[in-house]
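Q: Give me a 3D structure for the following:
(3 chains)
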Amino acid sequence: MKRVLKGNSAVAEGVRLARAQVICAYPITPQTSIIEDLAVMVSSGALPAKFIKVESEHSAMAGCISAASTGARTFTATSSQGLALMHELIHWAAGARLPVILANVNRSLAPGWSIWTDQNDTLSQRDTGWMQVYCQSSQEVIDSVIQAYKVSERLLLPTMVILDAFFLSHTHEIVDVPDQEIVDRFLPPINIPFRLDPAKPAALGNLLYPDLYMEFRRKMDLAHEDALNVWEDVGREWAGLTGRSYGLVETYRCDDAEMVFFTAATAASTARVAVDELRERGVPVGLVRLRVFRPFPAALLQNLLSGRRKVVVLDRNCSYGHHGIFHQELKSALYDLPQDKRPHVSGVIAGLGGRDITVDDIKEMMTLAWDGKLGASSWWHVLPVGEEEPAAAK
Amino acid sequence: MVRTLAELQPVSLSTQSITAIRTGTWKYVEPLYLDKLPPCSHLCPAGNDISKFLSLTAQGDIESAARLIRSGNPLPATLGRVCPHPCESQCNRVQMGGAIAIHMMERFLGDESLGEKFVPSPAASAGKRVAVIGAGPAGLAAAYNLALQGHAVQVFDDKAAPGGYLRTGIPDYRLPREVLDREIDLIRAMGVAFKSNFRVGRDAAFAELRQQFDAIVLAIGFHRNRALDVPGENNPGVYNGVQLLERILSGGRPDGIRRPAIVGGGNTAMDAARSLLRTGATPIVVYRRTRAEMPAIPAEVDEAVAEGIPFHFLTAPVRVVIEDGRVTGLSCIRMTLGDPDSSGRRRPLPVAGSEHVVPCDSVVTAIGETTDLDDFPEELREGWRIAGDERLATSLPGVFGAGDAIDGGGTVTAAVGCGRRVADVVNAFLVGHDLPVRAPRVTDLWRRGLDRDHVSYFDQLNTAYLRPELRPEIVELPPAGRTGSFAEVVQSFTSPAALAEARRCFVCGTCNECHNCYYFCPDVAIHKRRGELGFDIDSDHCKGCGVCVEECPRDAMVLVEVGR
Amino acid sequence: MCCRWAKKNLPRPSRGVDLADNLVAYDARNLQIPDRELMRSGHLACPGCGAAIGMRQALKALGPDTIVVIPACCWAVINGPYPYHSLEVPVIQVAFETAAISAAGIRAALEIQGRNDVTVMAWAGDGGTFDIGFQSLSGAVERNDDIIYVCYDNEAYMNTGIQRSSATPYGAWTTTTPTDSPKAEPKKNIVEILVEHRIQYAATACISHPEDFIRKLQTAKSIRGAKFIHLWISCLPGHKVEERFSIKLARLAVETGVFPLYEVHSGTRYTINHEPTFVDVAEYLKLQGRFRHLQEADIDRIRHNIEWEWQRLRLKVEMGRRLPLPPVGAIAGVQPGRFES
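A: This next block holds a predicted model:
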């Protein structure tokens, strides 16, 4: 059924269709309307779940962890400071191999207070063992939430479904809300292989000596390796049911592109327009949108980018002291290519704290890159434009 | 154990019991269940396992309690009545409500077990025959315990019925005859043969007996009265206390005793005075020291006082006053107490010029008794006693001694204890074992394991688990109503009273399965035995913290160093 | 025994259930302690550990249909290394500050699965309760989540090696309050704080009084909603006490009046469950190395504190008697006319 939904409502609808059983959440702008919607659904009976209105995000994740350990399908949502507060338990959920689903609305971290989007909150959770899916539209949000449950429960890994503050969370779009019957066919009831049950008295999370800690962490890493295939399999299955397909990455006009613009989330929509405009001017540029950041589809990107002249990475985030994070990650993945196939990779850091990234901004980035004016380090796209000259490309 | 990653579960789910880890290796000390002697049994000459029989009674198992007490002591109903109960003097309950009325409990259990079903079954016979000479408490205890070991026992006694001093010297109001008779019947029911009116030397020579029996136990007691050694003592109005008592107790009522003066402070003196009171006489007691030095059972003195018998303390006879061949008084001298003598009591010293006459129409001498060994071989005599060693053996092979005649123990209870001990020695002799270096202590005869060298006094108890509770009142016939008859003065406990009193016992030094050790063990290393009493300590997991030992309310555990 | 209260014209002590007072010949079999054993030998607790004794008693009370939540605390180690497990009930180890919400999460999952026969017990130390876990506990109690929260309190961060917590008593040495500046502040009164959350049931308990503790857990189990039990336990290395005195020390904590045994129903109705004999607190303090530096004047101050705290407590008993039943909405989970007694 087609409905006009903002990104946050798409999350809530996805959670409802996935029949989440325990929701623990705490309000934070701009995520709040997700849990408001869920509160109404639970209260009305539209979603037969338990909703623990916890006193902090930390408890929100802790509640999900223990409920998931008891065999329930769980959900929480947060943003920014809330995600940062959860950090300890973000590690915990993954280490405990619990298929918790978290929707994070990307929001900048204080200080100063900012409620607007950037990706540093989720990218700070890069090394926790969670899978991360960056969405571009409300349709992708609802589909990704439902897919995430299936992938997570198969792999015993938690997933963050990520959407930009306001640009996606509060922007209304037409969304095809799948029928419950289709979702039920796609997503069976949760059945994890271990759970707290007095009939089988076992202990979760006891002391782990050095002789085995690594082995369990290696199992987790192996699950991430499997996850690349599982996301694609599950994506195909979903496409078979709904006709909507998302890969690990999305490409646009890449076939003959000599230069590829690489970014994630809603900035990709803007970049698509910029690609079209630069193509009209004869620049052979294409777009790769990274959807699944963890696990990182390195081999796929190597194949995709091998032999291209240039890659420009737009990061709405920064690893202070060393590039934007997508920039780093991509460079590292492409280093394995033979030298003659290895594109020149430059990066731009833009849109932090919710600053708009316009078509013109992206065109400027592409042009500078095409003209060899962007170096190997990430270039900060700050105002006034041009005040800070990009370092000359080598 | 997991060998490959593929075998490993995704999550470190712990499913194996931690019992696989032997935390017992951490310890350097470990607890042991080790019962110790309670002060009561430490002081019980008869060797009663008091804490155990009280604990069984407290659990409502009166039958087991009675069987336990009768397992070596054939006379609990008797001893419960006549014993001066030294056991109660150091009872740890003294500080928290008064000593347990142990003698009343012994009496209760004795009375509860006078039926045939309480006759224990003897061990298989080894074909040996034993003569026990003397059917008093020592002889009866020896006979009982030897019969238990499977030996054929013949008891000889020169009186008309067995019982010795119990029958001839202890009045009915303290020990009803039917109680004594029933207990002797139980001994008889075990196969012990009694021959009364039999006197060695008169009816058979000692040497004959030695030929007929494999062993002989001499338990002839003290039956010869000590002389006063004052002028006038040979007058017919001066009576031998032991003989007079015997006459009264066998129903005789001597004429002419209206105002007797009883000389002495022991049990014979008390029994004689109180018995004469019951025959209608008005006795007085003359004793050369004070109340505090009287060797009689204090309760007996109390009762004599309650019955109105006057006492002349610090008064010693010097001459029987005789007029017209009849006793008219006892000339006495006042005494004062000097330094302690060998008995530890202060020596009485005469006060010059204090002579006075105590008016009386007869004198009863009760200043002590000795053994009558006239008809026995010389080598058996050593002054007043049988010449025996620490094994209770004499220099004649197969001849042993027991009771007052060998140890001068002085109480019926000590005599019973001695009878138990000699039986053990005689048994060793009969079955061909080497005789022990010394006769066992009575507590050595207990079949349960315990540390007999340690007594659990009050400061070894964990008083956190003990609550004060008053000793019950012991009911007696009112003095006014009792002096007219020989009816028993002290009344028995009812069953509920006995149960309540047993529950008051701390069960010092003796595990009563209270479970404190079990419940407080932090390591679940103490396990109840299946289908039987007691606990086992799982040494593989006990870390040796000692909480069980510390929390044992009754000092029934110890911590010992781990032997490694 | 009570005359010093009477003299000061204070309310008389209330009578609760007392443990051994009715027992003449002490026999632990007379205590109402369930036989079923749900803790195993071989766990990694120190010899004599009060936390091990406490867990053993707790599981006897709650039975096998129990899920135990253990945050960072001694029990996180005691339960053993993978693949071993010390209990015959399921355990989940959770982050330090999350005991209460973790228990609540389990409850939510059980409810949605339609399982109403399982007790969920959070089992946290004093640090995980008074300090780092307090927010989560406060949240769960306010929400009246259906859990039993037991704080086993050994009065410092013992697992990390004896650092002060807000449960450390006045005057105590810890590695972060060395003897030349021992803890100068009083212990936080966690039960009163939770009572002011309008919790349905809060109680104190001590491992030296297992019957009382077990009864309180069973009372807690019978109430739907949040329940809190503050369990005093001994820590031999932390209190610097000989191992064998584990229970003796706990008993002295009660009998000196340092740790009153009481319970509070519906946020208002106080019952003192055991009238201490008020053994001089010096006997308790001198058993412990952590108080060895105290001077007579310090001990006297502690004596006065105990007296004052008991006055407060008795006044609360009195207050509870005088107050009318709480109106609907005043206490979590209390319906009109329904008052736990």
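
Q: SS state for B:Y239?
A: Here B:Y239 is recorded as strand under DSSP: H, G, I helix; E, B strand; the rest coil.

Q: what sits against it?
A: B:P254, B:I257, B:P260, B:S362, B:V363, B:V364, B:T365 (C-beta atoms under 8 Å, 6 or more residues apart in numbering or on different chains). The way it works is simple: take the backbone N, C-alpha and C, and place the C-beta from them, glycine included.

Q: Give me the residues contacting the helix or strand where B:L559 lies.
A: Using DSSP states H and E, B:L559 sits within strand B:557-561. Strand B:557-561 has contacts (C-beta under 8 Å, 6+ apart) with B:28-34, B:451, B:511, B:517, B:544, B:546, B:548-549, C:244.

Q: Apply 6 Å and report the result again.
A: B:V29, B:P31, B:L32, B:Y33, B:L34, B:G546, B:C548, B:V549 (C-beta atoms under 6 Å, 6 or more residues apart in numbering or on different chains).

Q: Likewise for stretch C:139-155?
A: A:54-55, A:59, C:51, C:54, C:100-101, C:103-104, C:107, C:120-124, C:126, C:129, C:167-169, C:194, C:197, C:199, C:220, C:224-233, C:235, C:238, C:332-333.

Q: May I have the distance across it, first residue to last?
A: 23 Å (C-alpha to C-alpha, to the nearest Å).

Q: same question for that stretch, mean pLDDT?
A: Average pLDDT, stretch C:139-155: 98.

Q: now swap in stretch B:59-79 and tell me
A: On average, stretch B:59-79 scores 95.

Q: centre of the chain versus that stretch, how much separation?
A: Offset of stretch B:59-79 from its chain centre (C-alpha atoms, centre = their mean, to the nearest Å): 13 Å.

Q: Say whether chain C is contacted by that stretch.
A: No. Judged by C-beta under 6 Å from any C-beta of the partner chain, stretch B:59-79 and chain C are separated, with a smallest distance of 8.9 Å.

Q: in that stretch, what's buried?
A: Neighbour counts using 16 or more other C-beta atoms under 10 Å in any protein chain shown place B:59, B:62, B:65-79 of stretch B:59-79 among the buried residues.

Q: Also stretch B:17-35?
A: Neighbour counts using 16+ other C-beta under 10 Å place B:17-19, B:21, B:23-24, B:27, B:29-31, B:33-35 of stretch B:17-35 among the buried residues.

Q: Residues touching it, excluding its own?
A: Stretch B:17-35 is contacted from outside by B:450-451, B:509-511, B:539-544, B:548-549, B:556-562, C:40-43, C:80, C:84, C:86, using C-beta under 6 Å, 6+ apart.

Q: make it 7 Å
A: With contact meaning C-beta atoms under 7 Å, 6 or more residues apart in numbering or on different chains, stretch B:17-35 is reached by B:448, B:450-451, B:509-511, B:523, B:535, B:537, B:539-544, B:546, B:548-549, B:556-562, C:40-43, C:47, C:80, C:84-86.

Q: How about stretch C:156-164?
A: Here stretch C:156-164 has contacts from C:73-74, C:77, C:127, C:165, C:168, C:174-177, C:183, C:235, C:238, using C-beta under 7 Å, 6+ apart.

Q: contacting residues for the closest residue to chain B within the stretch 151-300 of chain A?
A: For the stretch 151-300 of chain A and chain B, the shortest gap (C-beta to the nearest C-beta) falls at A:A203, measuring 4.1 Å. Taking C-beta under 7 Å, 6+ apart, we find A:A203 in contact with B:S14, C:N79, C:H85, C:V91.

Q: separation between the nearest residue to the second one once chain neighbours are set aside and B:I18?
A: Excluding its sequence neighbours, the residue lying closest to C:N79 (C-beta to C-beta, 6 or more residues apart in numbering or on different chains) is C:S86, at 4.8 Å. Taking C-beta to C-beta, to the nearest Å as the measure, C:S86 and B:I18 are separated by 5 Å.

Q: what do you get for A:L89?
A: Plainly put, A:L89 is 27 Å away from B:I18 if you go by C-beta to C-beta.

Q: Any quick PyMOL command for the buried ones out of the contacts of B:Y239?
A: Of those, the buried ones can be selected in PyMOL as follows, counting by 16+ other C-beta under 10 Å:
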select buried, chain B and resi 257+260+362+363+364+365
